[in-house]
Structures are given as C-alpha cells and as structure tokens.
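Chemist: sequence-free structure coming up:
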C-alpha cells in the first residue's frame, strides 16, 4: 500500500522531551509524494510529549509534538 497525498512519513525526529524550541526550529523531517521537507516549530516552548517516531505514516495535520509554554 503506497502513501497518498493525505499522508506523510516521518523520516527523523529532531526533538526529545525536555528540549526547548524556538519558532522556526526543526522538529521533524517528513516525506510525501517524493518530496522531503522539514516541519518547524510554530511556537516557542519546551517539548512535553513526542507523538511521532521515524517510520510512522500519519495523516496530514496530525499532532507530532506537544509543547509547554512557560511564558
């Protein structure tokens, strides 16, 4: 079964629980339809939970990482 345009494969996860990220930091590398890309943090915070692992195939829009905001 191949991937469709509504799915992405997680290629590499760049963060771990406890890591601090800033807007624009790379969170995961993913691939879909012969295109690889990096998904960046949209907000700053501390990684509270990582919900994706390398090799996972997920629907576009899936939550990959949960962040805590300490502002």
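Modeler: Thanks, I have it. Everything numeric here is computed off the predicted structure, so don't read it as measured data.
Chemist: neighbours around residue 8, how many?
Modeler: Here the number of neighbours of residue 8 (other C-beta atoms under 10 Å) works out to 25. All C-beta atoms are positioned from the backbone trio N, CA, C, and that covers glycine.
Chemist: same question, residue 43
Modeler: Neighbours around residue 43, by other C-beta under 10 Å: 10.
Chemist: now do residue 34
Modeler: So residue 34, with other C-beta under 10 Å, has 6 neighbours.
Chemist: Look at it and report its pLDDT.
Modeler: In the prediction, the pLDDT value recorded for residue 34 is 86.
Chemist: now residue 3
Modeler: At residue 3, pLDDT is 52.
Chemist: Then the one 4 residues further on?
Modeler: You'll see residue 7 listed with a pLDDT of 92.
Chemist: contacting residues for it?
Modeler: By C-beta atoms under 8 Å, 6 or more residues apart in numbering, the contact list for residue 7 reads 32, 57, 58, 59, 60.
Chemist: List the contacts of the spatially closest residue to residue 33 that is not a sequence neighbour.
Modeler: Closest residue to residue 33 apart from its sequence neighbours, by C-beta to C-beta, 6 or more residues apart in numbering: residue 5 at 5.9 Å. Taking C-beta under 8 Å, 6+ apart as the criterion, residue 5 is in contact with 32, 33, 60.
Chemist: how much space between residue 8 and residue 56?
Modeler: 9 Å (C-beta to C-beta, to the nearest Å).
Chemist: actually residue 69, not the one I typed
Modeler: From residue 69 to residue 56 the distance is 25 Å (C-beta to C-beta).
Chemist: These two - which one has more neighbours?
Modeler: residue 56 (16 against 9).
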